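Asker: Here is a sequence together with a model predicted from it:
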Amino acid sequence: MSATPRFRFAPSPTGYLHVGNARAALFNWLEARRIGGEFLLRIEDTDRERSSSDLTENILESMRWLGLDWDGDIVHQAEHLDAHVDGARSLLAAGQAYWCDCTPEDVDGRRTDKSASGYDGHCRDRDIAEGPTTALRFRAPDEGTISFDDLIRGDVTFDVATIEDFVLLRSSGLPVFLLSNAMDDASMGITHVVRGEDHVNGTPKYLLLRDALDLGRPDVFAHLPMLVNESRKKLSKRRDSVAVGDFRERGYLPQAMRNYLALLGWGPKDDVEIRPIAEIIERFRLEDVNPAPAFFDEKKLEHFNAEYVRALSTDEFIDAVTPFLDQPAATLEPIRQMAPALQQRVRLLPDAEPMVDFLHLDQPVRDDASWEKVMVKNVDTARQMLAAALEAFGEVDWDHEALHACLLAVGEANGLKLGKAQAPIRVAVTGRTVGPPLFESLEVLGRDATLGRMRAALDALP
């Protein structure tokens with residue numbers, strides 16, 4: 001084993017990076033960074049039909065987006081298949097594996113008891129030769145137990161009589177995932193195997209292989225809790241939003257996503273949930289992970305994102321939000337002026353576009369519900385306020401404080417509080433009843449454009 005603690009994340013490029021896999025990668029990364037270990041990346045691309053370079057790049061890009069940097073070169077499992085085949089054949093030579101032409105039904109029939117009637121006389125004792133329809137199976141022990149200490153779940157023990165003679169080489173001659181996984185962990189010197197709880201039942205086979213091949217055992221196992229949805233069902237890519245890339249496209253910040261994933265099964269003892277990644281690394285402990293299923297709550301993730309958006313500097317906010325804007329480059333400076341106000345209202349980055357589209361359009365996009373509510377059902381008030389504000393705004397100093405004071409006075413003169421007085425102005429200028437602060441919006445838009453839109457709205461009233 002390596003003197004340096006070594007962790008690994010080993011995704012299969014047969015799909016996009018799932019939030020569950022991202023959480024596993026993050027927990028490996030956090031513990032490695034905390035204790036001064038290495039975080040290694042291995043692409044398990046032995047499934048040639050389903051693996052693709054595009055999916056590999058998607059996984060790598062999602063990890064870069066989350067800030068999960070890895071140490072050393074990426075290992076591609078497919079490059080070591082010959083070594084895996086040699087390992088399997090060494091077990092055959094040692095009498096610990098045999099060629100088998102049984103059907104899956106035959107194997108299932110004797111899975112729970114290797115001494116059951118009908119087991120003797122099958123492939124173990126028939127000396128079957130290698131052929132196009134045979135698979136190489138591991139000769140699992142008939143009795144005894146196999147145990148391992150799990151950092152999260154404690155002592156885990158299996159009766160080996162329940163472990164079937166599992167396949168090592170398929171009839172195609174290719175090694176199975178379990179063999180490649182066990183051998184690559186050994187060759188990479190992995191000391192800490194941290195992965196999802198769905199691998200718990202495969203760990204006895206992993207250990208049997210490591211023992212049979214004289215590869216030693218990892219120092220630490222830790223099987224992370226499953227992620228569930230609001231119905232407390234396991235997250236499913238067919239039913240739930242689970243791809244990390246989708247959350248990126250929907251306007252989540254990587255630091256918010258990373259912070260939230262860190263809390264799925266673990267939490268700091270001081271109960272402060274939103275904090276810099278350096279502090280999370282400092283406080284994180286694998287042994288503090290709760291084995292109970294963790295609820296992936298998108299509403300809470302969105303809350304985290306809103307907090308992180310508010311914490312951005314103006315330059316950071318503009319950089320983050322620009323890909324989600326339809327604005328021409330010329331209007332970014334007005335948006336920059338409004339950034340602090342926008343950051344208080346944006347939860348997901350695409351939220352900003354409908355709040356600022358009025359800055360670059362000749363006329364605002366009219367929200368029909370807003371127009372009906374403010375301009376039609378209260379047409380007399382709308383006409384009264386637009387006419388009065390047009391006259392008052394003509395001479396006022398054009399800054400948000402002066403505009404606020406001016407409209408406040410106009411509203412009082414017409415018997416209206418500011419909330420009612422400003423509604424027709426907002427709909428006329430922005431097209432909507434909700435958005436960024438009105439007076440800062442008017443200041444940025446400018447006097448001529450503001451008055452022009454107010455006149456157009458006044459003319460359009462029923």
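Answerer: Yep, it's here.

Asker: tell me which residues of stretch 318-334 are tucked away?
Answerer: Within stretch 318-334, the residues scored as buried using 16 or more other CB atoms under 10 Å are 318, 320-321, 324-325, 327, 331-332, 334. Bear in mind the C-beta positions are built from the backbone N, C-alpha and C, glycine included.

Asker: Mind splitting the protein into its structural domains?
Answerer: Annotated domains of the chain cover 6-227, 362-462 [automatic domain parsing].

Asker: need those domains in TSV with mean neighbour count and distance to residue 343, can you?
Answerer: As requested, the domains of the chain are exported to TSV (neighbours: other CB atoms under 10 Å; distance: least, CB to CB, whole Å):
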stretch	mean neighbour count	distance to residue 343
domain 6-227	17	21
domain 362-462	17	10
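
Asker: I'd like these written out as a markdown table, with distance to residue 313 added.
Answerer: Formatted as a markdown table, those follow (distance: least, CB to CB, whole Å):
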| stretch | distance to residue 313 |
| --- | --- |
| domain 6-227 | 18 |
| domain 362-462 | 18 |
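
Asker: Least confident of the ones you listed, on average?
Answerer: With a mean of 91, domain 6-227 has the lowest mean pLDDT of the domains of the chain.

Asker: starting at the chain centroid, how far to that domain?
Answerer: Put simply, domain 6-227 sits 24 Å off its chain's centre (CA atoms, centre = their mean, to the nearest Å).

Asker: Any idea how far apart the tips of that domain sit?
Answerer: 25 Å (CA to CA, to the nearest Å).

Asker: pretty sure residue 421 is in a helix, no?
Answerer: Yes - counting by DSSP: H, G, I helix; E, B strand; the rest coil, residue 421 is found in a helix.

Asker: Would you confirm that residue 59 contacts residue 12?
Answerer: No - counting by CB atoms under 8 Å, residue 59 does not reach residue 12; the two are 9.0 Å apart.

Asker: Identify the contacts common to these two.
Answerer: residue 43 (CB atoms under 8 Å, 6 or more residues apart in numbering).

Asker: any idea which residue of this structure is furthest from its center?
Answerer: Most distant from the centre of the chain: residue 413, at 53.9 Å, with distances by CA atoms, centre = their mean.

Asker: Not counting its neighbours along the chain, what's nearest that one?
Answerer: The shortest distance from residue 413 to any non-neighbouring residue, by CB to CB, 6 or more residues apart in numbering, is to residue 388 (7.3 Å).

Asker: In a strand, that neighbour, correct?
Answerer: No - Residue 388 is assigned helix when assessed by three-state DSSP, not a strand.

Asker: measure it to residue 431 for me?
Answerer: Residue 388 sits 21 Å away from residue 431, going by CB to CB, to the nearest Å.

Asker: before we move on, what about residue 242?
Answerer: For residue 242, the distance to residue 431 - CB to CB - is 36 Å.

Asker: now do residue 395
Answerer: Residue 395 is 26 Å from residue 431, by CB to CB.

Asker: got it, and residue 21?
Answerer: Taken as CB to CB, the span from residue 21 to residue 431 is 42 Å.

Asker: could you show me where the strands are in this protein, in order?
Answerer: Taking DSSP state E as the criterion, the chain carries its strands at 6-9, 38-43, 75-76, 97-100, 135-138, 145-150, 154-159, 167-169, 192-196, 220-224, 227-228, 294-295.

Asker: Assess the claim that residue 18 and residue 236 are in contact.
Answerer: No - using CB under 8 Å, residue 18 is not in contact with residue 236, being 9.9 Å away.

Asker: Now do the shared contacts for those two.
Answerer: residue 242.

Asker: still on that earlier bit, could I get the contacting residues of the residue nearest to residue 413?
Answerer: Contacts of residue 388 (CB under 8 Å, 6+ apart): 410, 413-414.

Asker: Now, the residues you listed that are in helices?
Answerer: 410, 413 (DSSP state H).

Asker: Which of the contacts of residue 388 sits closest to residue 275?
Answerer: Set against residue 275, the nearest of the contacts of residue 388 by CB to CB is residue 410 (46.3 Å).

Asker: could you list every residue that touches the closest one?
Answerer: Each residue near residue 410 by CB under 8 Å, 6+ apart is listed here: 385, 388-389, 392, 421.

Asker: Can you list the buried residues in stretch 341-353?
Answerer: So for stretch 341-353, counting by 16+ other CB under 10 Å, buried means 341-343, 345-349, 351-352.

Asker: any chance of these in CSV, with pLDDT and distance to residue 401 too?
Answerer: Conversion of those to CSV gives the following (pLDDT from 0 to 100; distance: CB to CB, whole Å):
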residue, pLDDT, distance to residue 401
341, 92, 14
342, 95, 19
343, 96, 20
345, 95, 20
346, 96, 24
347, 97, 28
348, 98, 31
349, 97, 29
351, 96, 26
352, 94, 24
